[in-house]
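> Structure here, sequence nowhere to be found:
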Ligand code: GLU
């Protein structure tokens, strides 16, 4: 069955870019039949707020979309993610990382931009780890690419791929080879919450039977590490459809951090959902 989803994080009000993404996913279900899932990705307690979650539901309804209920809210399921972390730990695939962002930055020195994200600091020496653990210092769990490669074997490791039915930022389409090392020894459990984005998103896509991940090209690179996690966990491989990112009047893409005009503001200014849908290239009757 065709199952897709819109998975916003309630860190602000939705803007036109989100509307485009939600409409793209929802319309795909309309064309093929299937299920449309809305998922609230609120595992970051420092940035997510309940009022933004309410705003997402309000904006989606205003756009004319409907979705399955109950809506999965990730913060209600931290135990699920904890269980995955435990199973990966039991398989020796994760290591504790007590380092701070500052430590990692210092250790990569003048490495090019992006190195922070692709950091591979490696496990602490055993005596240091024991001392830090005894001190009660907080730690993250990182995926060990070395151990993951051993676990999967070179043939699987070198043959990882995903099907792209949309287009990556550099025109990637069709069968895309995965670079499992692209994200480094990625953090799968943060120090504060015990979970991180890549783990929660792959777990939930599998749990909810998502057959098609439809999302913006800004998440194309994330697919590499997500395919690796899916393979390690034996979860099915969804098909991916990354879509272009919508540009605002100034030619720059919509993003929460730029305070792009929100749907709520546009609505207050008199914009109708019909007009917005038409502007974004979607036409359907309410
Ligand atoms: N929650 C993520 C975000 O708002 C999207 C996750 C995804 O579509 O994979 O950026």
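Great, that's in hand. All values reported here derive from a predicted model rather than from experimental measurement.

> what's near enough to touch residue 129?
96, 98, 123 (Cβ atoms under 8 Å, 6 or more residues apart in numbering). Just so you know, the C-beta spots here come from the backbone N, C-alpha and C atoms, and that holds for glycine as well.

> Would it be right to say that it lies in a helix?
Yes. Assignment of residue 129 by DSSP: H, G, I helix; E, B strand; the rest coil places it within a helix.

> now it: how far from residue 239?
Separation of residue 129 from residue 239 (Cβ to Cβ, to the nearest Å): 40 Å.

> before we move on, what about residue 126?
As for residue 126, its distance to residue 239 is 43 Å (criterion: Cβ to Cβ).

> Tell me the buried residues in stretch 262-277?
For stretch 262-277, the neighbour count (16 or more other Cβ atoms under 10 Å) marks 262-263, 266-267, 271, 273, 276-277 as buried.

> Show the average pLDDT along it.
Taken as a whole, stretch 262-277 carries a mean pLDDT of 95.

> Kindly report the same for stretch 111-125.
When pLDDT is averaged over stretch 111-125, the result is 81.

> how about the strands in the stretch 151-286 of the chain?
Remark: strands assigned in the stretch 151-286 of the chain by DSSP state E, counting those that start in this stretch are 161-164, 174-177, 187-189, 212-216, 239-243.

> just checking, what packs against the fourth one?
Secondary structure elements in contact with strand 212-216, counted by 3 or more Cβ pairs under 8 Å, 6 or more residues apart in numbering; DSSP states H and E, are strand 3-6, helix 16-32, strand 239-243.

> Report the mean confidence score over the first one.
Regarding strand 3-6, the rounded mean pLDDT is 98.

> check contacts around the closest residue to the ligand within the stretch 151-286 of the chain.
Nearest to the ligand, among the residues of the stretch 151-286 of the chain, is residue 215, at 3.8 Å (Cβ to the nearest ligand atom). When contacts are counted by Cβ under 8 Å, 6+ apart, residue 215 touches 7, 21, 25, 241-243.

> do residue 226 as well
198, 201-202.

> and if you look at residue 222?
With Cβ under 8 Å, 6+ apart, residue 222 has these contacts: 183, 197-198, 201.

> tell me which of those residues is nearest to residue 163?
residue 201 (17.7 Å; Cβ to Cβ).

> So that closest one versus residue 39, what's the distance?
Distance, residue 201 to residue 39, using Cβ to Cβ: 9 Å.

> if I look at these two, which residues touch both of them?
Contacts common to residue 201 and residue 39, judged by Cβ under 8 Å, 6+ apart, are residue 7.

> Name the nearest residue to residue 137, sequence neighbours excluded.
Nearest non-adjacent residue to residue 137, counting by Cβ to Cβ, 6 or more residues apart in numbering: residue 98, 5.2 Å away.

> Could you give the number of residues near the one you found?
Neighbour count for residue 98, taken as other Cβ atoms under 10 Å: 18.

> Hmm, it is touching residue 139, no?
Yes. Using Cβ atoms under 8 Å, residue 98 is in contact with residue 139, at 4.6 Å.

> re earlier: ok, which of the contacts of residue 215 also contact the ligand?
When contact is defined as Cβ under 6 Å from any ligand atom, the contacts of residue 215 meet the ligand at residue 7.

> Fine, thanks again, bye for now.
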